[in-house]
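Enquirer: model the following, please.
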Amino acid sequence: MQVTFGATEAIAAAMLGLLEPGDEVVVLEPFYDSYAAAIALAGATRRLVTLRPPDFALDLDALAAAAPGARMLVLNSPHNPTGRVLTRAELQAVARVCVEHDLIAVTDEVYEHLVFDGEHIPLATLPAMAERTLTISSAGKSFSFTGWKIGWSSGPPQLVGAVRAAKQFLSFAGGTPFQHAVAAALPDAERHVAPLRAALRAGRDLLCEGLATAGLGVSVPQGGYFVNADVAPLGVRDARAWCLALPERAGVVAIPTSAFYGDADAGRTLVRFAFCKQPEVIGEAMRRLVAAGGAAH
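Expert: Purely as a prediction, here's the structure:
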């Protein structure tokens, strides 16, 4: 079964429909900021598993330690904001933990078609996971129609039913003409997505090259929209302060990755840049950053 509505709304509806006050949710950090808000709205609490640079690999010991007693696990791959695409071995470990501790898995797969390196593997396709996984995706990223707010939740009837019941009291209905348009595009999705993926890959490479030239440490993303860079090589210890000064110093805007961590120290020197931009915009931003000496303090 599946229900159709925006992916961010689907995440909130999943939390509200499937969690009770006091439940605990395993979340990988850094995380998309709506997760924390949705978990709080449901009266639940987060158990964080930290992904650390430079490769942002999943810490399997930390995952195993966070799972006992939890109700739900939220998984986002390709991951925002790191761009990490979880490997089959990592996903198999996630599946084992979910089965062992009877966790509901909510997977945010909105970047599923925007993978540059590696392979997107839906968690629901692994053994014993179909009956416990709610899969969320969207046309917003795959077709660049974020403003349409058309996404979907797929899974077993009991999970989709809980989400549908919560949605009834959120937005109630979506944009019907947009739903029909997305339904028409999905059967031929690869033809539409392939040029976008190629353009994003080129933008990623251009941005990563420019950031490295400016002296930042770069973690090359495997998918998605974003590059994380470390400002520590510039002698900077506080990325938030660096980002606040960056528009005046270089005419460039970035976000401190610590904003997406529960433990701000884990991402204190990391900065997130977006490459879902025209090549000339990325090129000009990198020229400004290099000219400003990496905007080092």
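Enquirer: which residues sit in contact with residue 78?
Expert: Counting by Cβ atoms under 8 Å, 6 or more residues apart in numbering, residue 78 makes contact with 84, 85, 111, 112, 114, 115, 120, 221, 222, 223, 224. C-beta: built from backbone N, CA, C; applies to glycine.
Enquirer: rerun at 7 Å
Expert: Contact partners of residue 78, counting by Cβ atoms under 7 Å, 6 or more residues apart in numbering, are 85, 111, 114, 115, 120, 222, 223, 224.
Enquirer: export the residues you listed to JSON lines and append columns for pLDDT and secondary structure.
Expert: Formatted as JSON lines, the contacts of residue 78 follow (pLDDT from 0 to 100; DSSP: H, G, I helix; E, B strand; the rest coil):
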{"residue": "85", "pLDDT": "98", "secondary structure": "coil"}
{"residue": "111", "pLDDT": "97", "secondary structure": "coil"}
{"residue": "114", "pLDDT": "97", "secondary structure": "coil"}
{"residue": "115", "pLDDT": "98", "secondary structure": "strand"}
{"residue": "120", "pLDDT": "97", "secondary structure": "coil"}
{"residue": "222", "pLDDT": "98", "secondary structure": "coil"}
{"residue": "223", "pLDDT": "98", "secondary structure": "strand"}
{"residue": "224", "pLDDT": "97", "secondary structure": "coil"}
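Enquirer: farthest pair within these?
Expert: Within those, 120 and 224 form the most distant pair, 10.8 Å apart (Cβ to Cβ).
Enquirer: who has more neighbours, these two?
Expert: Using other Cβ atoms under 10 Å as the criterion, residue 120 and residue 224 rank with residue 224 on top: 27 against 16.
Enquirer: ok, now how distant is the more buried one from residue 202?
Expert: Distance of residue 224 to residue 202, given as Cβ to Cβ, to the nearest Å: 15 Å.
Enquirer: close enough to count as contact, residue 42 and residue 17?
Expert: No - Residue 42 is not in contact with residue 17 according to Cβ atoms under 7 Å; the separation is 8.7 Å.
Enquirer: the stretch 51-200 of the chain: helices as residue ranges?
Expert: Per DSSP state H, counting those that start in this stretch, the stretch 51-200 of the chain carries helices over the ranges 60-66, 88-101, 139-142, 157-167, 176-185, 189-213.
Enquirer: which of the residues in the fourth one are buried?
Expert: If you call a residue buried by 16 or more other Cβ atoms under 10 Å, then helix 157-167 has these buried ones: 159, 160, 162, 163, 164, 166, 167.
Enquirer: pipe those into a markdown table and attach pLDDT and distance to residue 53 per row.
Expert: Output for these, formatted as a markdown table (pLDDT from 0 to 100; distance: Cβ to Cβ, whole Å):
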| residue | pLDDT | distance to residue 53 |
| --- | --- | --- |
| 159 | 96 | 33 |
| 160 | 94 | 36 |
| 162 | 93 | 36 |
| 163 | 92 | 34 |
| 164 | 90 | 39 |
| 166 | 91 | 35 |
| 167 | 85 | 36 |
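Enquirer: would you format these as a markdown table with distance to residue 290 included?
Expert: Shown next, in a markdown table, are these (distance: Cβ to Cβ, whole Å):
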| residue | distance to residue 290 |
| --- | --- |
| 159 | 49 |
| 160 | 50 |
| 162 | 51 |
| 163 | 47 |
| 164 | 51 |
| 166 | 48 |
| 167 | 47 |
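Enquirer: wait, which of the residues you listed is closest to residue 149?
Expert: Nearest to residue 149 among the buried residues of helix 157-167: residue 167, at 12.3 Å, using Cβ to Cβ.
Enquirer: so who does the nearest residue to that closest one once chain neighbours are set aside touch?
Expert: Nearest non-adjacent residue to residue 167, counting by Cβ to Cβ, 6 or more residues apart in numbering: residue 13, 4.6 Å away. Going by Cβ under 7 Å, 6+ apart, residue 13 touches 163, 166, 167, 170.
Enquirer: that concludes my questions; thank you for your assistance.
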